[in-house]
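A.B. asks: Build the 3D model from these lines:
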Amino acid sequence: MAKQQSIDYRLVIDSTPALIHSGRADGYLDYFNKPWLEYLGVALEKVTGWGWTDFVHADDAEEVVRVWRESVATGEPFECEARVRRADGQWRAMLHRTLPLRDGSGNVIRWFGSSVDIEDRREAERELRTIIETIPAYVWTAKPDGALDFISQSWLDHVGDRQEDVLGSAWVKRLHPDDVERAISSWRESAATGHVYEGEMRGLNAAGEYRWFLSRAVPRRDRTGAIVKWYGTLIDIDDRKRAEDELRKLKDQLHHENIALRDEISQVSMFEEIVGSSAALRRVLVLVGKVAATDSTVLITGETGTGKELVARAIHRRSPRASRPFISVNCGAIAPTLIMSELFGYEKGAFTGAVQRHLGRFELAEGGTIFLDEVGELPQETQIALLRVLQERTFERVGGTKMIPVDVRVIAATNRDLDKAIVEGSFRRDLYYRLSVFPIHVPPLRDRAEDIPLLVQYLTERYATQAGKKILSISRRTMDLLRDYAWPGNVRELQNVIQRAVILSDGDTLSIDETWLQKRPGRDTTGGRGLGRPTFGEEKEMIEKALADSRGRVAGRNGAAAKLGIPRSTLESRIRSLRISKHQYK
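C.D. replies: Numbering: from 1, shown residues only. Modelled structure (predicted):
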């Protein structure tokens, strides 16, 4: 009965397509099933005992025998890969597994095993590895816990390591010290959460150089959603990073150069026509820079044509309100009966013709700056309304009853003598103090004569470009005439003269007619008070004589300024410009 069962079992095993073998407890293989014998193309007696080793590739035989003897000695299951010669002479990779059969005492009484042809799988793996090595990236895989279990040969060649030198967490040793903590933390977080991993880091190559890499990995999950593998790539982005660094350095350099250029422009050319480097102008620009960042009300004084509105715009553009509106109002150009409605708006029906609500300039300037030019021309009623705005930050539209809050910075300007206007009663003293929180006096052109050459050059280029002309030089005679002239109309008058000269110019050299500057109304820039300035020599002689008569004193009733009939600040400026030593007269 037992013999019949044994025969039946062998028939079953022989009919199984698997390659099956068995052996004694001492490791002597005494049975190979029919598919095995057909696979090898031999009879059973050729492979029993240790005969099977004749069919194992010479490069694999020693390792297979060693592992098999070790399993027999320990009783542990046997598993090994080795190439076997098939009946057609081809060497095929095979996976061999053998398990022990034990008695009731745990002793091995027999071995049973099987072999699987894995050559096709190995070939597919080789093809896959070839593909992996040809793509322009380094490929790696990791276990669910994040431990690396494979990395492409191209990466190993890049870093000069073996596979076992980088698996697990050994790859960290190749990172730049500054990137280790960030890279490990980010990778652990992805491994724990299952989120796609992406990070930039520097890796050390075989040449001892650190290069930037972009590492990215995605998880593969089973049907339950559990991560079974991580698949990742490493892409060399060092050239890109270097280009970005160079671009960043270039941007920083340009930024610093722009700052330096803006500083230089602030000293030489301050928004449009405010050009020059004189001490008088630099003092104005310093004040502009200091007050711009605040919300203080500014009162700009100076003669007509000196560029008061340009100073106001400069303050606005350098303030936190620069992105908000800048509304300019010429108070002297609006009829007194209309100024209230222009500044504060009006309600529908407030007067004949008011068919709908109209927003005033203050509402249009909300959040920004309102510039009140010629503020000294405001009627008394409007001065009261303006005072309320400055004090309470609210106003009423004409014909309205509702107080409207307003957030507007006020910059005012005038060419009038407000002190005199206050004495005469045409300007409110309290409004003056509200406006004059931060006073700035713009000097007349005659007090910064050293700026005239710069202004002439700037205006010539500006108007020549507009006219489509190319003017390369300015005649010496013209420059002398422009420098010696008193300019009662200040920069505005200089603009007109240069524009006229450019229009009439037929060549590449600018020149003016002397008659354009002679016998003009107001040639005496002091208003008939004694200091016309036809030439530098004459002006210097007049100032030195006045200093001598006053024994070097500038201010006061008996000072040189009073004798010449000009403000003390103007005389001090001219003394510095003409390099006169007032101390020698004391």
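
A.B. asks: which stretches of the stretch 401-550 of the chain form strands?
C.D. replies: 404-405, 409-414, 438-441, 473-474, 509-510 (DSSP state E, counting those that start in this stretch).

A.B. asks: would you list every one of the strands in the stretch 251-400 of the chain?
C.D. replies: Along the stretch 251-400 of the chain, counting by DSSP E, counting those that start in this stretch, strands occupy 269-270, 274-275, 298-301, 326-330, 369-373, 394-395.

A.B. asks: Check which helices and strands the second one sits against.
C.D. replies: If I follow you right, that is strand 274-275. With contacts defined as 3 or more C-beta pairs under 8 Å, 6 or more residues apart in numbering; DSSP states H and E, strand 274-275 has these neighbours: helix 308-317, helix 452-467. C-betas here are computed from N, CA, C, even on glycine.

A.B. asks: residues of the first one that come out buried?
C.D. replies: Of the residues in helix 308-317, those buried under the neighbour-count criterion (16 or more other C-beta atoms under 10 Å) are Lys308, Glu309, Leu310, Val311, Ala312, Arg313, Ala314, Ile315, His316.

A.B. asks: That helix to strand 369-373, inter-axis angle?
C.D. replies: Angle between the axes of helix 308-317 and strand 369-373 is 170 degrees (criterion: axes from the mean of the first three to the mean of the last three C-alpha atoms, to 10 degrees).

A.B. asks: which other helices and strands contact helix 308-317?
C.D. replies: strand 274-275, helix 279-292, strand 298-301, strand 326-330, strand 369-373, strand 409-414.

A.B. asks: Let me know which of these is tucked in deepest.
C.D. replies: Highest mean neighbour count of the helices and strands packed on helix 308-317: strand 409-414, a mean of 26 (counted as mean count of other C-beta atoms under 10 Å).

A.B. asks: So in that sheet, which strands flank that strand, and in what orientation?
C.D. replies: Looking at strand 409-414 with DSSP bridges, its partner strands are strand 298-301 (parallel), strand 369-373 (parallel).

A.B. asks: I'd like the distance from the longest one to the chain centre, please.
C.D. replies: The chain centre lies 34 Å from the centre of strand 369-373; the measure is C-alpha atoms, centre = their mean, to the nearest Å.

A.B. asks: Tabulate the strands paired with strand 409-414 in JSON lines, adding columns for mean pLDDT.
C.D. replies: Shown next, in JSON lines, are the strands paired with strand 409-414 (pLDDT from 0 to 100):
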{"stretch": "strand 298-301", "mean pLDDT": "95"}
{"stretch": "strand 369-373", "mean pLDDT": "94"}
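
A.B. asks: Figure out which of the ones you listed is closest to Ala43.
C.D. replies: strand 369-373 (108.0 Å; C-beta to C-beta).

A.B. asks: Now do that closest one against strand 326-330, angle only.
C.D. replies: 20 degrees.

A.B. asks: Columns distance to Arg393 on top of the strands paired with strand 409-414, output as a markdown table?
C.D. replies: Listed next are the strands paired with strand 409-414 as a markdown table, based on distance: least, C-beta to C-beta, whole Å:
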| stretch | distance to Arg393 |
| --- | --- |
| strand 298-301 | 17 |
| strand 369-373 | 13 |
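
A.B. asks: Ala501: which of those is closest?
C.D. replies: Nearest to Ala501 among the strands paired with strand 409-414 is strand 369-373; the distance by C-beta to C-beta comes to 28.2 Å.
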